[in-house]
Every structure is written in structure tokens, then in C-alpha cells.
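Asks: Sequence and predicted structure are below.
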Amino acid sequence: MSVNQLLKPVTLEYKKNINIGGCDLVELAKKYGTPLYVIDESTIRSICKDYKEAFKDYNNIKMMYASKALCTMATSKILSDEGFGFDVVSAGEIYTVYKSGTDMSKVLFNGNNKSRREIELAIDLNVGRFSVDNFYEAELLNNIADEKGVTVDILLRITPGIECHTHNYIQTGQIDSKFGFDLVQIDKIVEIINTEYKNLNLKGLHAHIGSQIFELQSFYDEVEILVKEIARINEKFSLKLDEMNIGGGLGVKYTEKDEPPKVCDLAKVVTDAMHKYSVDIPTIYLEPGRSIISTSGVTLYTVGSSKLASNGHKYFAVDGGMADNPRPSMYQAEYAAEVANYSDAKNREKEKLTLVGRYCESGDILINEIELPKLETGDILCIYNTGAYNYSMSSNYNRVEKPAMVLVNNSQSDMIVYRETLEDLISHDSIPDRLRK
Ligand code: LLP
């Protein structure tokens, strides 16, 4: 078992109430309020160990964490302590990992439309690699590097033409994609870099085929394409590219029916493909996001109103919803939940219900059909596997304050993201003087 195959954090215990990281979830809800994101430090460290252990026999492995899954200073600090670098895609992510004390040479700047400001910031903070996504960016990056009198190390983002089985919106490796150079365009950009862009130092190729992937064959195919492309380019252009970034994408277990592969099976597929095709073994970069952080996170909500529709459909509403977790409404994502005041609820009769949020949209459904002990107003619900792409995709829809996030470990809880206040909500607003008259 690796941690991405677990539905719940590794430290979870059923006591009077559910405990995570030695902390009673009902007590946390009382202390910090709800909705509340809770992140279990041991679970993050355990999955990092799973990855490091799985790839330990492959010497040239560089572990990066895809910050887009969850980017806070505290979680970045934990991941750098574990030896991870970072895949970042914005000035905000660059700044957050920088401020957390990360060694910036271990940071890779990704993205399909990096702005001049972002590129300048990345160069000024000595970000280690740029993954160049398109012709426009290559020219812009070369110009900025030239103005600053530096040479930057780059990978080229390619779309390897792999269609993995996941939700359409989170597939990224197929030919008709907004990301990267396809295999027909790659020689042209290598040629231009070789002959014109003296401030770009081409180190290798980068691909990312999608997210929440369960089929390891897709990774095998991806590595095969990258290895062959690197060998072909080296031969054709007399280059020595020796780095390949295979992106992220390993799936996690959101509900009992999900069966994501083990990290060590991913490692086996990747290294098998490498050894089969590669003469000179390149450095491999991995940049998982979801599989590193998802299982460590749960969200606590308080149950409020309920409604029995005339057709017999039972709804229960909690105090959060699509603004703190947009995934069900965006991707029809499914989640599992339990009542955190566990022994209280355990002996109640069970019933099927739909768990909805408090936002003004019919689509604000957190869990479409779930069987739970008969809920009562005031119960604390714990939704599992919300560490990835929840807070990072959250919004202030309906002008609701974003929840707090606490880190739990060894019976200690620390606030790592403060709950927004009403003052925070208006702090960026301004009424023009002419309207004040
Ligand atoms: N590298 C690149 C270039 C990526 O675009 C991504 C994710 C990753 C790494 C990390 O992939 P992961 O290991 O997390 O699967 N918001 C969607 C997921 C979008 C993923 C975008 N790219 C969701 O909530 O399912």
C-alpha cells in the first residue's frame, strides 16, 4: 500500500470523535470554526517517503511537487524539508515557495502563458528551470534573459499525443491541447534555440499527460516517447539533452471504488521504460501534486438545514460547498464523508441523502448520494481527500470568507492559513470619490 491508495489520513483514529494527527476533529471545529481544512503532516511525510523509497534504485531522480495542488508556506516548508523541489506556475506560487525558504534552484517554472513580470521575478529569484511551452515564450524568455545578461536552463514542454482515461478537463497530453509543442513542431523550436536563442540552455524535455490517472500503461507510453525523442533530437542536432520531466498525474482514492496504483508500481513502469530504451540514462523529474497532498487533507463542515423534497429526496446542507471545494461541480468529482462526532452518531439509523453546500447554485452539491447515520443539525462532517485542488481552487463566491487551514501533528494543531474576515473581503474594494458625493 502507498498513501495515495488510502481514503483517509494515516493517523486517523476512531475515538469518541474521529481524530487525525492526534487531534479531535470536533474540538478542532470548536476551536477554529467550520468550514475548516485540516492537513495531516504525517500523511504528507509518508507519501514523500513512498515516492523516495519507490525510486531509490534510480540514481538520477529529482522529486518536485506540483504546487498547484496546494500552495501554502507551511506545506511548502514540509515538502522542501522532505527534499522536494517545486513545479510552479505563477508569480504567486513562486513567491510562496520562495518565502517558505525553498532552495530556488530546485524550482521549475511551468505554464502556457508566463508574463514578462513573472519571468523577470523567476530569473531574479534564480528559479532553476523554465519549462518553455510555445514559440512566443521562447522568444520572450530569451529576450528577457539577454536584457538581464544571464543564460537560463530550460526544458521544452511537449504534448506526446497520449490520451489517458481521465476527465476531459484534466487530460493534457493529447495532440489537440493548449499546452506545449507537438511532435511535429519540436524540431523547429530546437533549431531556433540552437541557432538564435543564445540565452537559452536546452537541457531536456517535459511532458504531463493528465491527472487522476489509474492506468500505468499511459506513463510507460509517455516515457517511451520522451526517451525516443531525446535520443532523436540529440542525434539530429548533435546535442546532449539529458533531462526529462514526466509531470505528475498519479491518482488517489476519493471513494471506496477508486483503486489507484501504488507509487512503487509507477516507479517500476517508469524505470522499466527508461532502461529498455535509454542508452545514456537521463535525469528524471517527477512532479506529482494530487498524490502528494490529497490524502493528507480533510474538510470539516457543520450540518445546518435539511429539506425533504416532495419526491422523498433528502437534502442536508453544510456551511461550505462549491467555493471551498469546486471539484464536484466542475468535474463531477465524488467524495466520501463520515460524521466526526462519531460515537454520537454511530448508533443512529442510517439514511441516504444528498449533501449540499450553502452557495446559491443548484449545482452546489458536495456528495450526490451518500449513506450516513441520520444527520442532525450541529453534527460535524468530515469529507476525506480534500488536500488537493480544494483550497487552491477556492473562491469567494457569494462573498463568503475562505476557510482557515490547520496543520495537525502529534496532538498539536497550528493555523497555517487564517480564516478570512469580512474586513479581508472588502480590503481590496474601493469606492471612487465621485460616487461618494
Ligand atoms: N505538472 C503539470 C505540468 C501539470 O499541469 C499538473 C497538473 C501536474 C504536474 C500535477 O498533476 P497531479 O499530480 O496533481 O495530477 N484541478 C484539477 C486538476 C488539474 C491538474 C492540472 N495539472 C482537479 O481538481 O482535478
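Replies: Yes, it's here.

Asks: Which single residue of the stretch 51-200 of the chain ends up nearest the ligand?
Replies: Ala66 (3.5 Å; Cβ to the nearest ligand atom). In this view, the C-beta of every residue, glycine as well, is placed from N, C-alpha and C.

Asks: residues contacting the residue nearest to that residue when sequence neighbours are not counted?
Replies: Excluding its sequence neighbours, the residue lying closest to Ala66 (Cβ to Cβ, 6 or more residues apart in numbering) is Gly289, at 3.1 Å. Shown in contact with Gly289 (Cβ atoms under 8 Å, 6 or more residues apart in numbering): Tyr65, Ala66, Ser67, Lys68, Ala69, Leu70, Asp87, Ser211, Gly248, Ala388, Tyr389.

Asks: tally of neighbours for the last one?
Replies: A total of 25 residues lie near Tyr389 under the criterion other Cβ atoms under 10 Å.

Asks: what's it in contact with, if anything?
Replies: Taking Cβ under 8 Å, 6+ apart as the test, what Tyr389 contacts is Lys68, Ala69, Leu70, Gly289, Arg290, Ser294, Arg327.

Asks: which SS state does it fall under?
Replies: Secondary structure, DSSP: H, G, I helix; E, B strand; the rest coil: Tyr389 is coil.

Asks: ditto for Gly248
Replies: coil.

Asks: any idea how far it lies from Gly22?
Replies: 30 Å (Cβ to Cβ, to the nearest Å).

Asks: more crowded one of these two?
Replies: The neighbour comparison of Gly248 against Gly22 (other Cβ under 10 Å) goes to Gly248, with 23 against 15.

Asks: Please tell me I have it right and the more buried one contacts Tyr285.
Replies: No - Gly248 is not in contact with Tyr285 according to Cβ atoms under 8 Å; the separation is 10.3 Å.

Asks: In the protein, where is pLDDT below threshold?
Replies: By pLDDT under 70, the low-scoring segments of the chain are 163-175, 278-279.

Asks: Select from the contacts of Tyr389 the one having the most neighbours.
Replies: Of all those, Leu70 has the most neighbours under the rule other Cβ under 10 Å, reaching 30 neighbours.

Asks: Give me the spatial nearest neighbour of that residue, chain neighbours excluded.
Replies: Spatial nearest neighbour of Leu70, excluding adjacent residues (Cβ to Cβ, 6+ apart): Ile293 at 4.7 Å.

Asks: Could you give the number of residues near the one you found?
Replies: 31.

Asks: Now do it against Val190, distance only.
Replies: 34 Å.

Asks: Just the contacts of Gly289: which are in strands?
Replies: Using DSSP state E, the subset of the contacts of Gly289 located in strands is Tyr65, Ala66, Asp87.

Asks: Filter the residues you listed down to the buried ones, ChimeraX style.
Replies: The buried residues among the ones in strands among the contacts of Gly289 can be selected in ChimeraX (16 or more other Cβ atoms under 10 Å) with this line:
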select :65,66,87
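
Asks: Same list (the ones in strands among the contacts of Gly289) but as a markdown table, adding distance to Ala138.
Replies: Converted to a markdown table, the ones in strands among the contacts of Gly289 look like this (distance: Cβ to Cβ, whole Å):
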| residue | distance to Ala138 |
| --- | --- |
| Tyr65 | 26 |
| Ala66 | 22 |
| Asp87 | 19 |
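
Asks: which strand is the longest one in this protein?
Replies: Ranked by residue count, the top strand of the chain under DSSP E comes out as strand 297-308.

Asks: now for it, which elements pack on it?
Replies: Applying 3 or more Cβ pairs under 8 Å, 6 or more residues apart in numbering; DSSP states H and E, we find strand 297-308 packed against helix 25-32, strand 36-40, strand 314-318, strand 380-384.

Asks: Out of the ones you listed, which is closest to Leu226?
Replies: strand 36-40 (32.8 Å; Cβ to Cβ).

Asks: can you list contacts of that closest one?
Replies: 9-11, 20-21, 23, 25, 28-29, 70, 75, 293, 296-300, 324, 386-387, 390-391, 403-409, 413, 416-417.

Asks: quick one: is the helix or strand that it is followed by near the ligand?
Replies: Once strand 36-40 ends, the next helix or strand along the chain (criterion: DSSP states H and E) is helix 41-54. No - Helix 41-54 does not reach the ligand (Cβ under 6 Å from any ligand atom); its nearest approach is 11.2 Å.

Asks: Which parts of the stretch 151-300 of the chain are helices?
Replies: Per DSSP state H, counting those that start in this stretch, the stretch 151-300 of the chain carries helices over the ranges 186-195, 216-237, 263-277, 290-293.

Asks: Need the winner for burial among the ones you listed.
Replies: For these, the largest average neighbour count (mean count of other Cβ atoms under 10 Å) is found in helix 290-293, namely a mean of 30.

Asks: Would you tell me whether that one gets close to the ligand?
Replies: Yes - Helix 290-293 is in contact with the ligand by Cβ under 6 Å from any ligand atom, via Arg290, Ser291.

Asks: What of stretch 225-245?
Replies: No - Stretch 225-245 lies out of reach of the ligand by Cβ under 6 Å from any ligand atom, never closer than 8.0 Å.

Asks: thinking again about what came up before, among the contacts of strand 36-40, name the buried ones.
Replies: Neighbour-count burial (16+ other Cβ under 10 Å) applied to these gives 9-11, 20-21, 23, 25, 28-29, 70, 75, 293, 296-300, 324, 386-387, 390-391, 403-409, 413, 416-417.
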